[in-house]
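S.K.: Please work out how this folds:
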Amino acid sequence: MSLFKARDWWSTILGEKEEFDQGCLCVADVDNSGSGQDKVIVGSYMGYLRIFNPHPVKPGDEVQPEDLLLEVQLREPILQVEVGKFVSGTEALHLAVLHCRKLCVYAVSGTQGNVEHGNQYQIKLMYEHNLQRTACNMTYGPFGGVKGRDLICIQSMDGMLMLFEQESYAFGRFLPGFLLPGPLAYSSRTDSFITVSSCQQVESYKYQVLAFATDADERQDTEEQKLSPGKRLAVDWVLNIGEQALDICIVSFNQGVSSVFVLGERNFFCLKDNGQIRFMKKLDYSPSCFIPYCSVQEGTINTLMANHNKMLNVYQDVTLKWATQLPHIPISVKVANFQDLKGVIVTLSDDGHLQCSYLGTDPSLFQAPKVDSREINYEEMNAEMKELQKIIREATKTQDVLPESEKQRDVTVTAEVSPDLDEESQAIDSEVKAGAVPSVTVKITIQSKVAVQKPSLAVCVQAPLAVTCDQFVFEDLEPDASETVVLSVFLKENCSPSELEGTCMVSYNIPTGIPRVAQCNFSLPLKLVCFPAQPSKAANHKLTIDTNKPPISFVTIFPDFVDPSEGDQANALGFQFLTGSKTTLLASKTSQRYRIQSDQLEDLWLVTKELIHRLEVHFNKQNCKDFACTFSGSIPLQEYFELIDRHFELRLNAEKLQELLSERAVQFRAIERRLLTRFKDKTPAPLQHLDTLLEGTFREVIALADAAEENQANMFQAFAKLKSATHLVIMLISLWQKLSSDQVAILEATFLPLAEDTQELGWEETVDAAVSYLLRTCLSKSSKEQALTLSSQLSMPKDTSRLKKNITIFCDRLAKGGRLSLSTDSATQQAAVMPGGCATIPESDLEERTIIPGSTAMFSSNGQITKQKSKP
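M.R.: Okay, here's the model as predicted:
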């Protein structure tokens, strides 16, 4: 056993699913046996009252039936139990039980048994008080200096102190400024009650002041109470501790000195009688309960303090003397005397774990056995070593991420998207200005092959799309069980999405407690964000996609957007987006080309992606494996740069608005301080129009906050457009240079590094750093460029000129035969083997090639850059 574990002397578990709290444990000689042996009294919120007399034959023995002296179920929950001299005419100890609306005092007595069953114990109700207010806690003591008896004080939930002189009710007083009840204790030396208010202050009230204060028949201060001869309740002393208190305990081991101990949430205080701090201990854990007891050293006090880490610490004043581990988190701790064993620690947890333990250690009696000497067989040892090494090699193989037994997934998740839109739209709080916002149903099924614990499902779609419900929590799944959920996806924000995809992720625990994750992706239909419309002949932006197969009728590849009555004559198709823009798709009758055109560059992306995807699916069904799409037109960098400038301009506006808002907020607080100083001044002084200035500043703060919020919404839409245009540019570059899937992945990681755009880390600086890295590695002109180092810190640039310049150079070097790779070795070889290499581009040449308004940079297939003037 560990040196720092509490030694179990006697323990038991009380009832089933019962709850206990701080006041439910008491230790005293409640049956007045006179032997000096304490009994353990426990009450529960279920109304059970139990009295134990632990006497194990040896430490750690099981509970004997005779250890339970009494168990009775009362009608109401038990809030607190105390033992004292509560009955008039006798100094015998009696048991006080506090219920929510009742105080009962019982006499506990035992009858000598004549048979082997032992003694018989019973309780007798001496008197009870029905309370007019809901009780919280109570304390007792010789209030007013009475001799030979104890009085009871009950604190109600609304802040009233009700005092009882044994069988009769004395008076009641409301605590001033009360909000929530706190711990309550009585100091016999100063004859005062000490509590901690909701203002986080330790407050002391004299009993004499309570007795002569105004009677508390009603909570409100009426005119009759103000004119009555009684006095208002005044506090004796106050100490601000700055935190809520868990418990208060007052001890007086020396007749001349008493100490007030207050246990806070993070600190432990010891106070004098007058409220001055004697010492204070800052705790590095969360305490749960404590109790002080007598120390063997003169002038010091020992304290037992339990915490939520299942530790019990022993302090001598502020010095930690011992720390021991408990099997539970105690909510109450006491020190008791049993048989000939004094100082037993009694702890109670909130779920009914009652334990009597002591501090100490056991000597280690273990002796290592003698090893029989034998001859070593080296051949057997070598064979065993080789076998073990083989097992280690098999276990440490890195080819498979998962072990062999886990190749078959324990849980599989599948998502099925409905082919048709919902008849009745499930869109919630959509900001789209269209008349009816459609939605589509997604059916998600979770199939479990083994027992699964705490499974939860998260569904994620990229804004501006949204789902009706994105979080699901299930009960534990049995083997071969399944769960199915149905949800709807719709367009929430007033801008087109950059991706029509979603992700389902299931997190769960297998029976061994290991957490696992299973996920799947699903694609959403294009008609979720657009609907058929009349084709448009004129458009600002046009793209032409070349194929190596004859054009396919739109009735075949777009049956959900074309009217079947048009037959094979449909070579033009219009897409009207919910956000208001329109895109037209044209199929050439004489060549193998498709044209996509729109007034907005970003609106070309979804239609272009859908066209290429449906063409690939169509030809795959016909077992045509040589189908390919190419792009030989111009990369629309100028229009792309305009979107970058628009997004960056909104980021600059957000930064300016944030600075202005910060300045106005500082000004607003400064004016408030000036006004507060004027109002607190005993000699009134003119405000000098400070109130007018305060109102004007407040209006400016509100206006700036509204402007910042509107700019944030515009920036979100601009970033969505920028992502769509970036997807389009990546696709065009991949079709233009016929890039592999790995190279396309590098492009996407370079130009789409962020899912969300923030002021701290924006798209411009992140993409600039990524493009610069590629220009200095796989697309470098020489080894000298590869030796250049990039800045390790990303910050918002002053403008976008450097970013646009790097993107232009990036496309230029791809046009000259450069290839994307993350390997520096392949980049060096590429620069050496590539015909002519990447020639050095003079800065003057770059300036000449800077794209001007009205022109489009054109990267042809032979790697030459030309300029094409746009027609007026």
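S.K.: Ala755 - how many residues pack around it?
M.R.: Using other C-beta atoms under 10 Å, Ala755 has 8 neighbouring residues. C-beta: built from backbone N, CA, C; applies to glycine.
S.K.: Please report phi then psi for His647.
M.R.: phi -70, psi -40 (degrees, to the nearest 10).
S.K.: which residues does it contact?
M.R.: 715, 718-719, 721-722, 757, 763-764 (C-beta atoms under 8 Å, 6 or more residues apart in numbering).
S.K.: Farthest-apart pair in those, please.
M.R.: Lys721 and Glu764 (14.6 Å; C-beta to C-beta).
S.K.: got a list of what Ile13 touches?
M.R.: Ile13 touches 352-354, counting by C-beta under 8 Å, 6+ apart.
S.K.: repeat that for 10 Å
M.R.: Taking C-beta atoms under 10 Å, 6 or more residues apart in numbering as the criterion, Ile13 is in contact with 63, 328, 349, 351-355.
S.K.: try Ser295
M.R.: Counted by C-beta under 10 Å, 6+ apart, Ser295 has contacts 253, 301-303, 315-317, 321.
S.K.: what number of residues lie near Thr414?
M.R.: Counted with other C-beta under 10 Å, Thr414 comes out at 13.
S.K.: Among the contacts of His647, which one sits closest to Thr12?
M.R.: Asp757 (60.8 Å).
S.K.: Could you find the closest non-adjacent residue to the closest one?
M.R.: Distances taken as C-beta to C-beta, 6 or more residues apart in numbering place Phe719 nearest to Asp757, at 4.6 Å, with adjacent residues excluded.
S.K.: go on, Ala770?
M.R.: Nearest non-adjacent residue to Ala770 (C-beta to C-beta, 6+ apart): Thr750, at 4.3 Å.
S.K.: do Ala654 as well
M.R.: Nearest to Ala654 is Asn711, by C-beta to C-beta, 6+ apart, at 5.4 Å.
S.K.: per the record, what domains does this structure have?
M.R.: 5-216+234-360, 411-526, 532-620, 647-816 (the TED database).
S.K.: hang on, the earlier thing: just checking, next helix/strand downstream of the helix or strand where the residue nearest to Ala770 lies?
M.R.: Per DSSP states H and E, Thr750 falls inside helix 741-751. Downstream of helix 741-751, the first helix or strand assigned by DSSP H and E is helix 763-776.
S.K.: Average pLDDT for that following helix, rounded please.
M.R.: For helix 763-776, the mean pLDDT works out to 88.
S.K.: List the buried residues of it.
M.R.: Residues 763-772, 774-776 are the ones in helix 763-776 that count as buried (16 or more other C-beta atoms under 10 Å).
S.K.: now those in JSON lines, with distance to Cys289?
M.R.: Converted to JSON lines, the buried residues of helix 763-776 look like this (distance: C-beta to C-beta, whole Å):
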{"residue": "Trp763", "distance to Cys289": "54"}
{"residue": "Glu764", "distance to Cys289": "57"}
{"residue": "Glu765", "distance to Cys289": "54"}
{"residue": "Thr766", "distance to Cys289": "52"}
{"residue": "Val767", "distance to Cys289": "57"}
{"residue": "Asp768", "distance to Cys289": "59"}
{"residue": "Ala769", "distance to Cys289": "55"}
{"residue": "Ala770", "distance to Cys289": "57"}
{"residue": "Val771", "distance to Cys289": "62"}
{"residue": "Ser772", "distance to Cys289": "61"}
{"residue": "Leu774", "distance to Cys289": "62"}
{"residue": "Leu775", "distance to Cys289": "65"}
{"residue": "Arg776", "distance to Cys289": "63"}
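S.K.: residues contacting the closest residue to Ala755 other than its chain neighbours?
M.R.: Using C-beta to C-beta, 6+ apart and skipping the chain neighbours, the partner closest in space to Ala755 is Gln462 (7.4 Å). By C-beta under 10 Å, 6+ apart, the contact list for Gln462 reads 497-503, 720, 723, 755-756.
S.K.: Any quick PyMOL command for the buried ones out of those?
M.R.: Remark: buried members of the contacts of Gln462, expressed as a PyMOL selection using 16+ other C-beta under 10 Å:
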select buried, resi 497+498+499+500+502+720+723
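S.K.: What is the nearest of the contacts of Gln462 to Gly696?
M.R.: Using C-beta to C-beta, those come closest to Gly696 at Glu756, 35.8 Å.
S.K.: quick one: that closest one from Met715, how far?
M.R.: According to C-beta to C-beta, to the nearest Å, Glu756 and Met715 sit 11 Å apart.
S.K.: Quickly find the element holding the residue nearest to Ala654.
M.R.: helix 690-737.
S.K.: separation between the closest residue to Phe472 other than its chain neighbours and Leu74?
M.R.: Leaving aside its sequence neighbours, Phe472 sits nearest to Leu457 (C-beta to C-beta, 6+ apart; 4.1 Å). Going from Leu457 to Leu74 by C-beta to C-beta gives 46 Å.
S.K.: Settle it for me: which of these two has more neighbours?
M.R.: Leu457 (22 against 18).
S.K.: Can you spell out which helices and strands pack onto the one helix or strand the more buried one maps to?
M.R.: Per DSSP H and E, Leu457 falls inside strand 453-461. If you count contacts as 3 or more C-beta pairs under 10 Å, 6 or more residues apart in numbering; DSSP states H and E, strand 453-461 packs onto strand 411-421, strand 439-448, strand 465-467, strand 471-473, strand 481-491, strand 501-509, strand 515-523.
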